[in-house]
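[1] Prediction below, plus the sequence it came from.
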Amino acid sequence: MTSARRMDGKICLVTGGGTGIGRAAALQMAREGATAVVIAGRREPEGEAVAAACRDLGSQAVFLMADVTREADVEAMVTGTLDRFGRLDVAFDNAGFQERRAPIEDQDDATYAAVFDTNVRGVFHCLRYQIPAMRKTGGGAIVINASVSGIRNPNPGFALYNASKAAVIAMMRTAAIENAARGVRINAVAPGRVVTDMMLAAGVGDVATVAAGLPLRRMGQPEEVAEAVLWLASDATSYIVGHVLAADGGFLAA
């Protein structure tokens, strides 16, 4: 007997869904039976390509242009999902930004704003609109993409990113407590060193050297983090609230 797929019948939303972990999660949601997957982000060609791939997997899917740093965009993103599909069951708040590696004294206000506006303000905007939308239709699950960098600083030179992810974890836990009895479960995934365009562009160093320092002796792949995201978003984790799941190849355990 084939077990039910984890996203059967669900309406899902992924921010920053055009690339990396967001892309992997959106595709896995489609494979796992999501009725619809809404891919939101600033990169239209990539987002449209992911939406087409989700449709090929049997899910209704659309791309919505949205910059999570803009409240109006997030409101339109959630409203557009509700207008088209009638409800929102699962949200993966994945959009993020990481500064180029440099000591904190070499960073500037513009970089600070770019990091915190995306990683913290963006999640704040998403929660403000996703939570009421889910409550209206009986509840749902939200997974926030945090980082092991918000738990323990794994690499000097990313003070702003690290601080923003620590803030996101604190925000998630508070929101989770506030909404647990209201039917909205909120958790976070904390990836470790995962091969994505954002990670490579930030200048984390030689990939082989970084991988050699990890317990598994390799970098993670977006699809591996997507598995953790889908688990947290699924009904299998109905008793898990306010949790940070590290998909980090053992980094925090070392």
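    In hand now; what should we look at?
[2] Give me the pLDDT for the closest residue to Gly242 other than its chain neighbours.
    The spatially closest residue to Gly242, leaving aside those adjacent along the chain, is Ala176, at 3.5 Å (C-beta to C-beta, 6 or more residues apart in numbering). The C-beta positions use only the backbone N, C-alpha and C, and glycine is treated the same way. Listed pLDDT for Ala176 reads 98.
[3] tell me how far the helix or strand hosting Ala176 is from the chain's mean position?
    Element membership of Ala176, judged by DSSP states H and E, is helix 159-179. Centre-to-centre, helix 159-179 and its host chain are 13 Å apart (C-alpha atoms, centre = their mean, to the nearest Å).
[4] helix or strand right after it?
    That would be, after helix 159-179 and using DSSP H and E, strand 184-191.
[5] can you give me the mean pLDDT across that following strand?
    On average, strand 184-191 scores 97.
[6] can you give me the helices in this protein?
    20-31, 44-56, 71-85, 109-116, 122-136, 159-179, 197-201, 207-212, 222-233 (DSSP state H).
[7] among those helices, which gets the worst mean confidence?
    helix 197-201 (a mean of 67).
[8] got the contact list for the closest residue to Arg152 other than its chain neighbours?
    Spatial nearest neighbour of Arg152, excluding adjacent residues (C-beta to C-beta, 6+ apart): Leu252 at 6.3 Å. The neighbours of Leu252, taking C-beta atoms under 8 Å, 6 or more residues apart in numbering as the test, are Val148, Ile151, Arg152, Gly192, Ala246.
[9] Count residues in the vicinity of the last one, would you?
    Applying the criterion other C-beta atoms under 10 Å, we find 20 residues in the vicinity of Ala246.
[10] Looks like it contacts Ser149 (just checking).
    No - assessed by C-beta atoms under 8 Å, Ala246 is found out of contact with Ser149, at 11.1 Å.
[11] coming back round to it: name the nearest of the contacts of Leu252 relative to Ser238.
    Ser238 lies nearest to Ala246 out of those, by C-beta to C-beta, at 20.7 Å.
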